[in-house]
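S.K.: predicted model and sequence follow; I will ask about them next.
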Amino acid sequence: MSEMPAPTMTEPTVDPSVLAATPVDAQGTPRPVDAVFTVEQLAFFYGANQALRDVSLSIGRHEITALIGPSGCGKTTFIRCLNRLNDLIPGTRVEGRIDFNGSSLYAPGVRAIDIRRRIGMVFQKPNPFPKSIYDNVAIAPKVNGIRANMDELVEECLTRAALWDEVKGKLRDSAFSLSGGQQQRLCIARAIAIRPEVILMDEPCSALDPVATIRIEELMVELKSDYTIVVVTHNMQQAARVSDRTAFFTVDVSEGGRTGMMVEVGSTEQMFTAPSDQRTDDYITGRFG
Ligand SMILES: Nc1ncnc2c1ncn2[C@@H]1O[C@H](COP(=O)(O)OP(=O)(O)OP(=O)(O)O)[C@@H](O)[C@H]1O
Ligand SMILES: [Mg+2]
């Protein structure tokens, strides 16, 4: 038996600059390779009051990013910066930079109304329109000139929001005839009807019972294959159950005021098992907040 020639091994050539380019967050945490949002040194002011400072993080595509932290630390303020909803509040000001798909969200010429079409929002309290279940889903696509078979679109969105089976026989009933959990799923169906890229959720389960909460959580996990989700939650188990990455915010009182700031961001697993900052540890273990 003749011996096989030994394979010639060549050293793999690795360009060190590629390794060095691994993107990291401010704390050196590896950040998502494909970021929908990149936030750098964001600060936010309501008039003279600074509500946020030093927020730098990236939000990965098709990931669920959870924002946690004590009341008043600026979670709602931050999430509303991501779709320029704070623009509607007079006297507010943003500093720093938010890139959305690589371009500045606040650049001159970017219209907030276009942004809000691409970045949907679900609020803490279910807020369906005082209209039928059907119209709640159909209205935004109609207004936005989305050409589609509306019956099909309504069914598709209600199905994706895990509500179709419960409402298919009463689509013309008022949205207010639904339970709180069903109303929240209707709001999610309404949010996805305009085919956004991102869904922002500000404590979407805080008004819901545990069963409805679990349904929304399952829905979030299901939706992330198509959407990027950013969720604010006071429920640590919820953050741990659904999110890929978690950012912890706190209130800084060191300079006399009460300014929200981001303490750290990382994979949810790391944040809940080995946070880098004592303040995060205190918060997630219930010693503070
Ligand atoms: N419309 C507003 N005008 C002026 N100040 C505001 C406004 N909205 C929020 N703030 C202030 O900004 C700070 C951050 O509030 P924000 O609602 O973002 O906190 P949060 O982390 O979402 O709190 P919570 O967990 O209670 O919802 C607070 O001090 C709040 O009083
Ligand atoms: Mg809030």
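M.R.: Great, that's in hand. Ligands and ions are numbered 1, 2, ... in the order given.
S.K.: helix or strand for T38, which one?
M.R.: Assessed by DSSP states H and E, T38 sits inside strand 35-46.
S.K.: quick one: distance of that strand to the chain centre.
M.R.: 13 Å (CA atoms, centre = their mean, to the nearest Å).
S.K.: how about it as CSV, C-alpha atoms only?
M.R.: Taking C-alpha atoms only, strand 35-46 is exported to CSV below (Å, rounded to 0.1, in the frame of the first residue of the first chain):
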residue,chain,number,x,y,z
ALA,A,35,-26.9,46.7,13.9
VAL,A,36,-30.2,48.4,13.0
PHE,A,37,-29.4,51.2,15.4
THR,A,38,-26.1,52.5,16.6
VAL,A,39,-26.4,55.0,19.4
GLU,A,40,-23.4,57.1,20.4
GLN,A,41,-23.2,59.4,23.3
LEU,A,42,-26.9,60.2,23.3
ALA,A,43,-28.1,62.9,25.6
PHE,A,44,-31.7,64.2,25.9
PHE,A,45,-33.2,67.3,27.4
TYR,A,46,-36.7,68.3,28.4
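S.K.: in it, what counts as buried?
M.R.: A35, V36, F37, T38, V39, L42, A43, F44, F45 (16 or more other CB atoms under 10 Å). Where C-beta positions appear, they are placed from N, C-alpha and C, glycine not excepted.
S.K.: check stretch 107-122 too.
M.R.: Quick answer for stretch 107-122 (16+ other CB under 10 Å): I115, R116, R117, I119, G120, M121, V122.
S.K.: can you check stretch 43-56 too?
M.R.: For stretch 43-56, by 16+ other CB under 10 Å, it's A43, F44, F45, Q50, A51, L52, R53, V55, S56.
S.K.: now, among those residues, which is nearest to ligand 1?
M.R.: Nearest to ligand 1 among the buried residues of stretch 43-56: A51, at 3.7 Å, using CB to the nearest ligand atom.
S.K.: that closest one touches K75, doesn't it?
M.R.: No. Here A51 lies out of contact with K75, judged by CB atoms under 8 Å, at a distance of 10.4 Å.
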